[in-house]
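Student: Sharing a model that was predicted from the sequence below.
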Amino acid sequence: MDMPAKKLGLKERYGLLTRDLHWDTTYQPMDKVFPYASYEGIKIHDWSKWEDPFRLTMDAYWKYQAEKERKLYAIMDAFAQNNGHLGVTDARYINTLKLFLTGVSPLEYMAHRGFAHVGRAFPGAGARVACQMQSLDEIRHFQTQIHSMSVYNKHYNGFHDWQHMHDRVWYLSVPKSFFDDAFTAGPFEFMIAIGFAFEYVLTNLLFVPFISGAAYNGDMGAMAFGFSAQSDESRHMTLGLEMIKFILEQDPDNVPIVQRWIDKWFWRGYRVLTLVAMMMDYMLPKRVMSWKEAWEIYAEENGGALFADLARYGIKPPKGWAQACADKDYLSHQAWNVFYNYGAAAPFHTWTPSAQDMDWLAAKYPDSFDKHYRPLWENYTEMAEKGNRFYSKTLPMLCQVCQIPMFFTEPGDPTKICYRESEYKGDKYHTCSDGCKDIFDYEPEKYVQSWLPVHQIYQGNCFERGTDPTAEGFDPLIAVLQWYHMNIGRDNFDFNGIEYGKGSEDKNNFEKWRAMSTGNM
Amino acid sequence: MSTVFIAFQNTDEVRGIVEAIMDDNPHAVIDMQPGMVKINAAGRLVIKRASIEEKLGRDFDLQEMHVHLVTLSGNIDEDDDEFVLAWKH
């Protein structure tokens, strides 16, 4: 009788199912089959040295992903069946989902495309398989996010046309241009940009507080997709870390190229996370932790350990690291102030923090809140209560690189706006920081092409076709919002209502429906 | 010494996994957060298949952890019996 063959170990299975499927082409030279593998200057001598520490093979991948999907959809069904949307803390919370759906979910789709592209571009089988899995993960995230947030679209405003908005709305050009920048780079830069700098160094700051925030605020739907996506993130982070170690070990000439990408992409990613900072400190009715605390745990402590580990290759912490750490006392407050100012032009609601919220902020930010920001919020609230809710009607100057309005302050002086200026072919370009200026100055031919929303509005490119800006009574702001497909008066303005105190539709509906669900109205 | 960490969704099955990890890593510290449980450990954390099987009372494939993972930090070394997180310095 034949004995059954001994089951192969994990390392053997992984070897057989990845690199043993690879062959060098003979009908066509390898450099024609993989045309993007060398132009960035990265030297790879031996792709077989690539190690995926998870050693996940395609068959195991499908098995566990299927299990994740079944879990997720069971929760989403239960959430919808039980009117889960009425169980969240209050309707302010729902605005964090609007920000996520318009700002982050479209990036998941771009990540899907990006990893499919770079996976195809790498001549090594191990890296190709890992990128293929990540590409599939990313489209799963995109789809499950849309699906789970669709339940909110049935009841609340601002969810109806997120992809259209992502391609047009002023602050959404921040995440959009970030990913477009990575996507148009070479495959190795993309891996450092997204796989390493974003996934490994920064993604915990996006997803962990967001999911924990969802759980804390009673949102089982967002919590479920968030956790399901995050279960893939550990693999993505690992891919990013393995990729950078692999590149650095292959050739010492790779070190300065990688260092420059780390400097650039840490700063690009950090700027995008400005939106997360204000979400954590101002938008979640019930807060998990402050931005500052999250930064200390996930960036300073964890990133510190990471860069100490990479020091053996000659890699230093990113150039903007110290400034990002110093700015943690100011970032969220400055950002929410800008959104409060432009609350008429964003498809979600803004509000001033309550007295209780301000006490929480003061306790979390003892060195900055009472001194710089409490007086601001108290003044705004007083103005609003007197019927004069402040909305800025002029358009802000944007940074040429991160595309964020120029509200960031000088290092060491939170009362002075930071402006940097560069000249290229006779034109002046403005950036918000030394970090963004360095990025611009190294590749000006790329960043002069930025599609800056404010410039585009002033050039007349952001109105519906057939709009006549010379017509009597023409209101450019309204015309731009129509082009965004915003429902003016429903999606935008203060959470407490266009007429302050009467409530936005979201606020009023939530309170009415909640009362109906807990009594017999 | 730098800290490694691993975080899981707070689920029924994860309770057994966490118990096994804490038995095998006396220097580890649990940090409970909304919906999730994070384990921090100075330098190194080892997760053993046999210990988890003991706690769950069934066979366990270490790759099943993928279903529950939230995030981790450190260099990974995994085979059929152990999953190790460590910083090299």
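Tutor: Sure, I can see it. What you see is a predicted model; the values in this text were computed from it and never measured. Residues are numbered from 1 along each chain as shown, chains lettered A, B, ... in the order given.

Student: measure A:Pro444 to chain B for me?
Tutor: 36 Å (Cβ to the nearest Cβ, to the nearest Å). Every C-beta, even on glycine, is put in place using the N, C-alpha and C of the backbone.

Student: Setting aside sequence neighbours, what's the nearest residue to that residue?
Tutor: Leaving out its chain neighbours, the residue that sits closest to A:Pro444 by Cβ to Cβ, 6 or more residues apart in numbering or on different chains is A:Tyr424, at 4.2 Å.

Student: With A:Ala305 instead?
Tutor: Spatial nearest neighbour of A:Ala305, chain neighbours left out: B:Ser2 (3.3 Å); criterion: Cβ to Cβ, 6+ apart.

Student: residues from the stretch 151-300 of chain A in reach of chain B?
Tutor: A:203-204, A:207-208, A:211-216, A:223, A:227, A:230-231, A:233-235, A:237-238, A:241, A:288 (Cβ under 8 Å from any Cβ of the partner chain).

Student: and these, which of them are in helices?
Tutor: Judged by DSSP state H, the subset of those located in helices is A:203-204, A:207-208, A:211-216, A:223, A:227, A:230-231, A:233-235, A:237-238, A:241.

Student: Helices of chain B, residue ranges please.
Tutor: Using DSSP H, helices in chain B cover B:12-24, B:49-56.

Student: quick revisit: of the ones in helices among the residues of the stretch 151-300 of chain A next to chain B, select the buried ones using a ChimeraX command.
Tutor: Selection command for ChimeraX covering only the buried members of these, criterion 16 or more other Cβ atoms under 10 Å in any protein chain shown:
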select /A:203,204,207,208,211,212,213,214,215,216,223,227,230,231,233,234,235,237,238,241
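
Student: Let me have the helices of chain B in TSV, adding mean pLDDT, distance to chain A and mean neighbour count as columns.
Tutor: Shown next, in TSV, are the helices of chain B (pLDDT from 0 to 100; distance: least, Cβ to the nearest Cβ, whole Å; neighbours: other Cβ atoms under 10 Å in any protein chain shown):
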stretch	mean pLDDT	distance to chain A	mean neighbour count
helix B:12-24	97	11	17
helix B:49-56	97	11	17
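
Student: Present the ones you listed as JSON lines; the columns should include distance to A:Val276.
Tutor: Shown next, in JSON lines, are the helices of chain B (distance: least, Cβ to Cβ, whole Å):
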{"stretch": "helix B:12-24", "distance to A:Val276": "26"}
{"stretch": "helix B:49-56", "distance to A:Val276": "34"}
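
Student: thinking again about what came up before, how many neighbouring residues does the residue nearest to A:Pro444 have?
Tutor: When neighbours are counted by other Cβ atoms under 10 Å in any protein chain shown, A:Tyr424 registers 14.

Student: Look up how far A:Leu452 lies from it.
Tutor: 15 Å (Cβ to Cβ, to the nearest Å).

Student: now the closest residue to A:Ala185 other than its chain neighbours: how far from A:Met149?
Tutor: Distances taken as Cβ to Cβ, 6+ apart put A:Ala193 closest to A:Ala185, at 6.4 Å, once the chain neighbours are dropped. Applying Cβ to Cβ, the value for A:Ala193 to A:Met149 is 26 Å.

Student: who has more neighbours, those two?
Tutor: More neighbours surround A:Ala193 than the other of A:Ala193 and A:Met149, with 26 against 21 (other Cβ under 10 Å).

Student: Correct me if wrong: A:Ile360 contacts A:Pro285.
Tutor: No, residue A:360 isn't Ile; it's Trp. No. Look at A:Trp360 against A:Pro285 with Cβ atoms under 8 Å: they stay out of range, at 11.1 Å.

Student: so who does B:Asp81 touch?
Tutor: B:Lys48, B:Arg49, B:Ala50, B:Leu62 (Cβ atoms under 8 Å, 6 or more residues apart in numbering or on different chains).

Student: Just the strands from the chain, written as ranges.
Tutor: This is for chain A. Counting by DSSP state E, chain A has strands at residues A:409-410, A:413-417, A:420-424, A:427-431.

Student: nope, chain B
Tutor: Using DSSP E, strands in chain B cover B:3-9, B:29-33, B:36-42, B:44-48, B:69-73, B:75-78, B:82-86.

Student: could these be laid out in CSV, adding distance to A:Met133?
Tutor: Below are the strands of chain B laid out as CSV (distance: least, Cβ to Cβ, whole Å):
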stretch, distance to A:Met133
strand B:3-9, 20
strand B:29-33, 27
strand B:36-42, 23
strand B:44-48, 21
strand B:69-73, 14
strand B:75-78, 15
strand B:82-86, 18
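
Student: In CSV, list these along with mean pLDDT, distance to A:Gly489 and mean neighbour count.
Tutor: Formatted as CSV, the strands of chain B follow (pLDDT from 0 to 100; distance: least, Cβ to Cβ, whole Å; neighbours: other Cβ atoms under 10 Å in any protein chain shown):
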stretch, mean pLDDT, distance to A:Gly489, mean neighbour count
strand B:3-9, 94, 40, 23
strand B:29-33, 93, 39, 13
strand B:36-42, 95, 39, 20
strand B:44-48, 97, 53, 19
strand B:69-73, 91, 40, 23
strand B:75-78, 90, 52, 19
strand B:82-86, 96, 52, 19
